[in-house]
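Trainee: Quick one: sequence plus predicted model below, questions after.
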Amino acid sequence: MILVTLSSPAKPVRVMHKIHFIYGSGHGFSGQRFASEMLMMGLRQRGWSVEVIQTPVLDRVSASSWSSEVGERLMLTLRLLSAWLKGLRLALGSEILHVNLGQTCFALLRDGFPLLVRSVLAPYRQTQAIVSLHGNVFMSWNDQSVETRLLRQIAKTVRYVTVLGPRQKDRLARFGIRPEKVIQIDNSCLIAPITEQECQNKHVISAAQPLRILYLSSLIETKGYPEFVEAIGQLAAQATFPVEAILCGKITVMGSDCRFPTRIIARSWLESQIHLINQSPQVRLRWINGAEGKAKESLFQEAQIFILPSQYRVEAQPIAVLEALASGCAVITTKVGEIPTTVSHQTALLLDEATPTSIVAAIIELQQSPQKRLQLAQKGLHLFKQRFAYEKHIDLWEKILLEISGDRDHGQA
C-alpha cells in the first residue's frame, strides 16, 4: 500500500492497489492454478485488493458418464462466456490484470480471449497486463503454429510475459516476442524452509532405522510413478537395509494410449504391486491418495530422499521439487524441461534415464553414503533459501506489478 500526502488535511491516505487474476480452475492439482493462488495470497497479505476470474477446465480426475459429460460441457460453456465478458471489461479498462495462460490451443483462447480482443480493438496501446506461462508445452511449438501466433498476438498487448527458465526465454525470442518483454520468475512454495540443524538431524539414521523415501506428485504415467513403484519393487528383492517408501498422489489418466488407459486399471496394478512389495522383510510401500497443507508438509519433513523420475513433456519447474529442497530432502530427479536449470548436480542426483534400475542405483548410493545425502540436502536447502524463498518470490512480483501500475516510488512509502 502507498501513503499519499494531500494538501489538506495533512494526513496520509492509504491507497490500496487492485489486481485481477484470470486462470483456469478445475479438479485435481494444477501447478498453473497453484502458482496463481500462491501469488494472490502473498499480495493479499501485503494489502492488495485481489479479484479472480476463473475460466472452467474439464475434469480429468473424476470418472463420469457420457450424459454427465454433456451436462458438464454445457455448464462449462456458460461459465466460460461469463468469464470472457468479465475479462473483456477488464482488458479494455486500466486496472492491473494477471493472466496465467494454458498452453493448448483451446486453453490459449479460454484464458487469453479478452487480451486477443483487446489486441484487435486497440492494437497500438498496451494494457496494464502481464501473462505467465507455467509448464513447458510451448517449447515444442513451431514458429508458425496456431498456438505460437495466438501467443504472439496476446504478447503484443501486454507489458510482460513471465516464464520459469532461461531456455523458455530463448524460445519466446525465437517466436518473435521481444526479449525485454520476457521476465524469468522462479516458482516458489508455501512450505517454510527448515533450519540447517533440522536438516542435519533428519539425515542421522541408525542401522535399525528405515530410510524414508517419498514420491509426491500427480500420478501421471510420464511423471514416473510406475518406474518409482517398480524401483521400490526391485529394492524389496535385494535391499539389506530397511526402507519406508510413500507414493502420494491422485491417479490421473492422460489419454487412451498410455500404459494404464483407465483409473481402474491403474489402481488395480498399483495395489497388486504394493501387496507384493510389502511381503519383503525390509521394504514397505504405502500409497496416499493425495495430501495437502500440514499433512503434505509432514510427509516432506519425514523423508530423507525425494524422488521425481519425471519424463513429463510439459515439465518446467516442479513445485514438489522446491518443496523437497525446502524440507531438507536429498532429491533424485531427471533432466527434463527446466529441471536442470532448477537444480544441479550439486543440489540433486540428476538421472540420465528414469528407469527403475537407475532409480534403485541412486537410492543405494545415497543410503551407502550418508555424507553425500546430507551434502545434497544442505546445498538444496541453501539453494531454496537463496533463490526460491516465498518472500523473495512475492517481493519480485510486487516490484513488477507496481512498475506496471506506474507506481515507482513504492519503496519510499
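Mentor: Everything's here; your move.
Trainee: from here on, contacts and neighbour counts on C-alpha atoms
Mentor: Noted.
Trainee: quick check: domain ranges of the chain?
Mentor: Annotated domains of the chain cover 2-188+390-412, 196-388 [automatic domain parsing].
Trainee: Could you single out the most deeply buried of those domains?
Mentor: Across the domains of the chain, averaging neighbours per residue (mean count of other CA atoms under 10 Å) puts domain 196-388 on top, at a mean of 19.
Trainee: Quote the end-to-end distance of that domain.
Mentor: End-to-end distance for domain 196-388: 16 Å, by CA to CA, to the nearest Å.
Trainee: The domains of the chain: lowest mean pLDDT?
Mentor: Of all these, mean pLDDT reaches its minimum on domain 2-188+390-412 (a mean of 83).
Trainee: Can you get me the centre-to-centre distance for that domain and its chain?
Mentor: The chain centroid and the centroid of domain 2-188+390-412 are separated by 15 Å, computed with CA atoms, centre = their mean, to the nearest Å.
Trainee: try stretch 180-193
Mentor: Here stretch 180-193 is found 10 Å from its chain centre; the criterion is CA atoms, centre = their mean.
Trainee: First-to-last residue distance for it?
Mentor: Stretch 180-193 has its terminal residues 33 Å apart, counting by CA to CA.
Trainee: now stretch 245-262
Mentor: End-to-end for stretch 245-262, by CA to CA: 25 Å.
Trainee: Give me the contact list for that stretch.
Mentor: Applying CA atoms under 8 Å, 6 or more residues apart in numbering, the contact partners of stretch 245-262 are 28, 60-61, 212-221, 225, 229, 232, 263, 266-267, 283-291.
Trainee: Keep only those of those residues that are in strands.
Mentor: Members of those lying in strands (criterion: DSSP state E): 212-216, 283-288.
Trainee: now, the most widely separated pair of the residues you listed?
Mentor: Spanning the widest gap among the ones in strands among the contacts of stretch 245-262 are Leu216 and Val283, at 18.3 Å by CA to CA.
Trainee: hang on, the earlier thing: of all the ones in strands among the contacts of stretch 245-262, which comes closest to Pro318?
Mentor: Proximity to Pro318 was ranked across the ones in strands among the contacts of stretch 245-262 by CA to CA; first place goes to Leu216, at 10.7 Å.
Trainee: Look up how far Gly290 lies from the residue lying closest to that closest one once chain neighbours are set aside.
Mentor: Nearest non-adjacent residue to Leu216, counting by CA to CA, 6 or more residues apart in numbering: Cys248, 4.7 Å away. Distance, Cys248 to Gly290, using CA to CA: 5 Å.
Trainee: returning to that earlier point: let me have the ones in strands among the contacts of stretch 245-262 in CSV, adding distance to Gln54 as columns.
Mentor: Putting the ones in strands among the contacts of stretch 245-262 into CSV (distance: CA to CA, whole Å) gives the following:
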residue, distance to Gln54
Arg212, 38
Ile213, 36
Leu214, 32
Tyr215, 30
Leu216, 26
Val283, 44
Arg284, 41
Leu285, 38
Arg286, 35
Trp287, 32
Ile288, 29
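Trainee: No more questions from me, cheers.
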